[in-house]
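**Q** give the three-dimensional model of this entry:
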Amino acid sequence: MLQVGADGYRLLDALAGAGSPPLAAAAPAVAVLRRVWARHFAREREGSPPAGTSVRLRPVQGRRPGDRIESPYGVEARFRAKSGTAWTGYMVHLTETCDPNLPRLVVHTGTTPANVHEAMRTGAIHAGLAGLDLIPSEHLVDAAYVSAEHLVAARERYGVILVGPARPRQGWQTREEGAFHVTDIAVGWEHQRVRCPKSRESTSWRAYRDKASGRPFIRGGVSPAVCRACSAKPRCTRAGSRRLSLHPRAEHEALAGARERLESDEGRRLYGQRQGIEATISQGVRRFGLRRARYRGLAKTTLQSVATAAALNLDRLAAWFALRPLAPTRTSRFKALTA
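**A** This next block holds a predicted model:
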């Protein structure tokens, strides 16, 4: 492997030399080779003659995560593992209507390399729908597309109410009965105070930015001396004192509102309409080959996704005009036995 690495660098040096063919160093295949070698190999002595250059493998933690070229023939395809499924290629995001007593039609498709997380596409989907004058008043999405920032941005930029399950709360309090949750702590935004369920107010309040993401947060905490003397401390925190990391006010209130909506009967009925997209994905995969890219490259795969969505719409319109009923939800054999 080290010999292959040294040979690759020797080839790159020769292509960049004065005697190489014109424009050879700028060829697409050379650019791919340079990117792959920069990810997997490193020279021990930079600037040394090619013949005397030694090569070592880069440690895994020193490589950029998730952005490796998987094949020189499909340089835009990326690897992804999700819910027990692993593949190399792309990811398709579908948006369809779900109005009652009307055919469900796909109104937007978005195709990205597989390693692009769904959370990165929420704003792009709304921008695409707005450009088509198809922006909805309510958008039912999977949990991967929901965050505090998305809830605020969708409402402020496009007037869209983003409906979907927020990320679950973390911490041992969520798993222990009788423990105090974050929702049990009152936040006084005007006075910059938090109040615990035992009416103890915080003694600290400061804004900060997360070093990794750069997103703003607020940290408020109660004095350790106050917490230690509290009889309810075992139900509240296992640390010296309870310290909370809060989103800014707009994001905090939007997240609380989204969770409250889905906990209501009306919210659950509304969100229940989103399950139709699973049938759309199944139909696209089983009847129109949605899960297999027919061509190489992101541009051609995007075109395939658009063509698949058009075929889905034509099939559904034909079924609508022919009064063909929707197929019933499949019942597993195990469920049929227990019925």
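
**Q** gap between the strand of greatest length in the chain and the chain center?
**A** Longest strand of the chain, by residue count under DSSP state E: strand 85-96. Distance of strand 85-96 from its chain centroid, counting by Cα atoms, centre = their mean, to the nearest Å, is 12 Å.

**Q** and that strand, what's buried?
**A** Neighbour counts over strand 85-96 (16 or more other Cβ atoms under 10 Å) mark 87, 89, 90, 91, 92, 93, 94, 95, 96 as buried. Every residue, glycine included, has its C-beta placed from N, CA and C.

**Q** residues contacting residue 35?
**A** Going by Cβ atoms under 8 Å, 6 or more residues apart in numbering, residue 35 touches residue 69.

**Q** could you redo the last one with a cut-off of 10 Å?
**A** 67, 68, 69, 75 (Cβ atoms under 10 Å, 6 or more residues apart in numbering).

**Q** among those residues, who's most crowded?
**A** residue 75 (18 neighbours; other Cβ atoms under 10 Å).

**Q** quick revisit: out of the buried residues of strand 85-96, which comes closest to residue 7?
**A** For these, the closest approach to residue 7 (Cβ to Cβ) belongs to residue 89, at 29.5 Å.

**Q** do you know how far that closest one is from residue 326?
**A** Using Cβ to Cβ, to the nearest Å, residue 89 is found at 30 Å from residue 326.

**Q** repeat for residue 95
**A** For residue 95, the distance to residue 326 (Cβ to Cβ) stands at 19 Å.

**Q** and residue 267, how many neighbours?
**A** 15.

**Q** pretty sure it is touching residue 274, no?
**A** No. Look at residue 267 against residue 274 with Cβ atoms under 10 Å: they stay out of range, at 11.7 Å.

**Q** joint contacts of these two?
**A** residue 163.

**Q** low-confidence ranges, the chain, go.
**A** The model of the chain has pLDDT under 70 over residues 45-53, 61-66, 339.

**Q** which residues in it form strands?
**A** In the chain, the strands defined using DSSP E lie at 41-43, 55-57, 78-82, 85-96, 106-113, 138-140, 161-163, 186-188, 193-195, 204-209, 216-221, 243-246.

**Q** okay, residue 255 and residue 164: tell me how far apart.
**A** 11 Å.

**Q** which helix of this protein spans the most residues?
**A** For the chain, the helix reaching the highest residue count under DSSP state H is reported as helix 298-321.

**Q** in that helix, which residues are buried?
**A** Quick answer for helix 298-321 (16+ other Cβ under 10 Å): 298, 301, 302, 304, 305, 306, 308, 309, 311, 312, 313, 316.
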